[in-house]
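Q: Give me a 3D structure for the following:
(one chain, ligands or ions: 1)
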Amino acid sequence: MENWEKLNKMSYKEIREMQDRKLRAFLANQIYLYSKCYSEKLNELKIDPMKVKGIEDLKHLPFTYKEDIAPTDDNPQRHKDYVLRPDEEVTEKYGHLAQLSPYGGKAAVEEKVYDFKPVHIHFTTGRTAEPTPFLYTKRDLEKIRETGYRLLDVFNVTSDDVTLNAFPFAPHLAFWQTFFAGEKLNMPALNSGGGKIMGTQNLLDAVEFLQPSVLVFIPGYAYYFLREAVNQGRDFSSVKRIFFGGERVPPGLKDKIRDLLIQMGAEDPICLATYGMTEARTAWGECPSHDEYFGYHTYPDLEIFETVDPQTGENVGEGEEGEVVYTALDWRGTCVLRYRTGDIAKGGILYEPCPNCGRTVPRISSNIQRKSEVKEFDLTKVKGTLVNLNAFFPLLMGHPDILEWQVEIRKRNDDPYDLDEIYLYVAPKEGIEKEKFSSELRQRIIRDTEVSLTDIIYMPVPDLLNQLGMETEVKEKRILDNRVKA
Ligand SMILES: [Zn+2]
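A: Below you'll find the predicted structure:
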């Protein structure tokens with residue numbers, strides 16, 4: 001790993017040269033030797049890893065898709081083909097060395113164990129595919145600690161801050177990235193497990209007791225939690241930053257959350273977004289700003305990002321809209337190359353120094369549409385057309401008059417052969433004129449999602465919170481597909 005302060009000052013050319021060098025070494029010394037899947041692919045394509053010059057040659061490698069790694073009935077252990085596993089080689093080469101020389105040999109074996117033995121697991125949380133494990137070795141845990149440190153550095157968090165981590169306990173990136181980040185930075189943190197573990201009341205008490213300057217939340221739960229805090233007249237004046245993971249944060253929601261914090265005495269609180277993925281085993285922070293968007297700062301010594309045309313797979317230019325493609329660099333454990341994230345970066349990838357903070361590492365533009373969720377949903381045929389159900393999130397989450405919402409898709413009369421119906425359950429702010437609100441909402445939904453709602457059903461907040469599983473689920477259930485199958 002390179003020094004983060006140094007990386008942030010390197011020129012585009014220096015970064016590119018470093019990435020070329022690291023990619024050559026990684027392909028030849030790790031991937032080709034120890035990754036079953038990719039060494040087979042390279043052989044099939046007759047690509048000699050010793051002849052790869054750098055990023056320019058990446059395009060000759062095939063893409064990897066979520067479906068390629070996910071377990072299947074025939075091959076439930078398929079993910080192992082993506083893990084760097086020099087087991088045989090280690091035994092053969094270092095096993096007898098260890099016997100010959102108890103000192104040098106033992107150190108060599110320990111080094112290999114540090115490098116290659118998986119010690120930590122996260123799972124993907126796809127809605128369609130089976131959860132897929134991604135493994136970390138001890139060496140990788142050093143990396144997630146370092147990237148956590150970098151993320152907090154981008155957010156201007158220091159060891160003088162105090163954090164309340166409300167991500168749910170789960171073998172997921174969000175919770176553990178936050179945990180390792182705080183630990184690396186020597187920052188006091190309550191890794192609470194969120195409302196599901198501690199209960200919302202205890203968590204509210206914890207904020208007043210610990211007086212954290214940083215809150216870390218899933219956006220949907222944060223909005224509920226802060227409304228509850230305002231209702232109870234809590235003092236949140238210690239809070240300076242709140243950052244989010246697990247879901248996108250539409251601009252409208254940032255505004256609503258900021259307003260709630262200000263109502264509880266916080267001075268000029270800032271909402272921060274992260275971009276992360278299980279497959280990359282880390283997360284990146286958005287450059288902090290109240291109203292402008294400068295993008296996510298990436299780690300060029302630990303990954304290569306490309307942007308491609310989602311249809312043709314051709315690389316697009318700097319700043320051009322494209323699907324984000326991720327390639328691991330110098331990691332161990334589960335390593336994917338040219339992974340199609342399904343996320344569309346509207347403003348592409350930017351290589352010029354950040355106008356906000358001056359860092360020179362590549363930036364992924366802030367406006368990312370989570371196509372991975374789209375992909376999982378838009379294959380569902382609603383009323384015979386492909387629908388982007390993800391469009392409900394920014395519209396309803398960011399709506400100034402909506403407190404809680406849920407979308408349910410059902411079959412009419414619960415008959416699998418009948419028409420699809422879409423219901424919106426909504427708890428609006430008090431004093432809303434329902435008729436006007438309903439008709440405006442229907443129109444905006446048609447415009448953004450191209451479906452017309454079967455009905456809008458008004459519900460009291462507590463009932464809807466229950467239905468969402470706000471206090472009981474790892475992530476609240478915003479979109480329910482309750483269509484009975486034939
Ligand atoms: Zn910046």
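
Q: Tell me the spacing between T298 and L419.
A: Applying CB to CB, to the nearest Å, one obtains 45 Å for the distance of T298 from L419. Glycine gets a C-beta too; all of them are placed from N, C-alpha and C.

Q: more crowded one of those two?
A: The residue with more neighbours, out of T298 and L419, is T298; 24 against 13, by other CB atoms under 10 Å.

Q: ok, L215 - contacts?
A: Counting by CB atoms under 8 Å, 6 or more residues apart in numbering, L215 touches T163, L164, A166, V207, A222, V239, R241, I242, F243.

Q: Neighbours of the third one, how many?
A: Counted with other CB under 10 Å, residues neighbouring A166 total 28.

Q: With the fifth one instead?
A: Residue crowding around A222 was assessed by other CB under 10 Å; the count is 24.

Q: tell me the SS of the spatially closest residue to it that is not a sequence neighbour?
A: Once flanking residues are discounted, A222 sits nearest to I257: 6.0 Å by CB to CB, 6 or more residues apart in numbering. Secondary structure, DSSP: H, G, I helix; E, B strand; the rest coil: I257 is helix.

Q: Would you mind writing the CA trace of stretch 415-434 as CSV?
A: Output in CSV follows, covering the C-alpha atoms of stretch 415-434 (Å, rounded to 0.1, in the frame of the first residue of the first chain):
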residue,chain,number,x,y,z
ASP,A,415,-54.4,-14.9,-8.8
PRO,A,416,-51.0,-15.7,-10.4
TYR,A,417,-52.5,-15.3,-13.9
ASP,A,418,-54.2,-12.0,-13.2
LEU,A,419,-52.8,-8.5,-13.7
ASP,A,420,-50.1,-7.0,-11.6
GLU,A,421,-51.1,-4.2,-9.2
ILE,A,422,-48.9,-1.6,-7.5
TYR,A,423,-49.9,-0.1,-4.1
LEU,A,424,-48.2,2.7,-2.4
TYR,A,425,-48.5,2.9,1.4
VAL,A,426,-47.7,6.3,2.7
ALA,A,427,-47.5,8.3,5.9
PRO,A,428,-47.4,12.0,5.0
LYS,A,429,-46.6,14.9,7.2
GLU,A,430,-49.5,16.3,9.2
GLY,A,431,-51.8,18.8,7.6
ILE,A,432,-51.4,17.5,4.1
GLU,A,433,-54.4,18.0,1.8
LYS,A,434,-54.7,14.4,0.7
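
Q: where does this protein dip in pLDDT?
A: 88-104, 126-129, 371-388 (pLDDT under 70).

Q: Now do the contacts for R234.
A: Counting by CB under 8 Å, 6+ apart, R234 makes contact with L204, V207, E208, M264.

Q: which SS class is it?
A: Taking three-state DSSP, the label given to R234 is coil.

Q: if we can go back for a sec, these two touch, right, the residue nearest to A222 and I270?
A: No: the pair I257 / I270 is not scored as a contact, 10.4 Å apart, by CB atoms under 8 Å.

Q: Compare those two (neighbour count), which wins?
A: For I257 versus I270, neighbours defined as other CB under 10 Å are more numerous around I257 (23 against 18).

Q: and the more buried one, what does it touch?
A: By CB under 8 Å, 6+ apart, the contact set of I257 is P219, A222, Y223, L226, I242, C271.

Q: Repeat the analysis, applying 7 Å as the threshold.
A: Residues counted as contacts of I257 (CB atoms under 7 Å, 6 or more residues apart in numbering) are A222, Y223, L226, I242, C271.

Q: Tell me which residue of the stretch 151-300 of the chain lies closest to the ion.
A: Closest to the ion within the stretch 151-300 of the chain is C287: 3.1 Å, counting by CB to the ion.

Q: ok, for that residue, nearest residue in space, not its chain neighbours?
A: Per CB to CB, 6+ apart, closest to C287 is F294, 3.8 Å.

Q: neighbours of that neighbour, just the number please.
A: 18.

Q: Do I have it right that it meets C354?
A: Yes: if you go by CB atoms under 7 Å, F294 and C354 touch, sitting 5.5 Å apart.

Q: so what's in contact with these two at the same time?
A: With contacts taken as CB under 7 Å, 6+ apart, F294 and C354 have C287, R363 as neighbours in common.

Q: check contacts around the nearest residue to P251 once chain neighbours are set aside.
A: Closest residue to P251 apart from its sequence neighbours, by CB to CB, 6+ apart: G398 at 6.2 Å. Shown in contact with G398 (CB under 7 Å, 6+ apart): P250, P251, G252, L253.

Q: export those to JSON lines and tack on neighbour count and secondary structure?
A: What follows is those, written out as JSON lines (neighbours: other CB atoms under 10 Å; DSSP: H, G, I helix; E, B strand; the rest coil):
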{"residue": "P250", "neighbour count": "17", "secondary structure": "coil"}
{"residue": "P251", "neighbour count": "14", "secondary structure": "helix"}
{"residue": "G252", "neighbour count": "16", "secondary structure": "helix"}
{"residue": "L253", "neighbour count": "24", "secondary structure": "helix"}
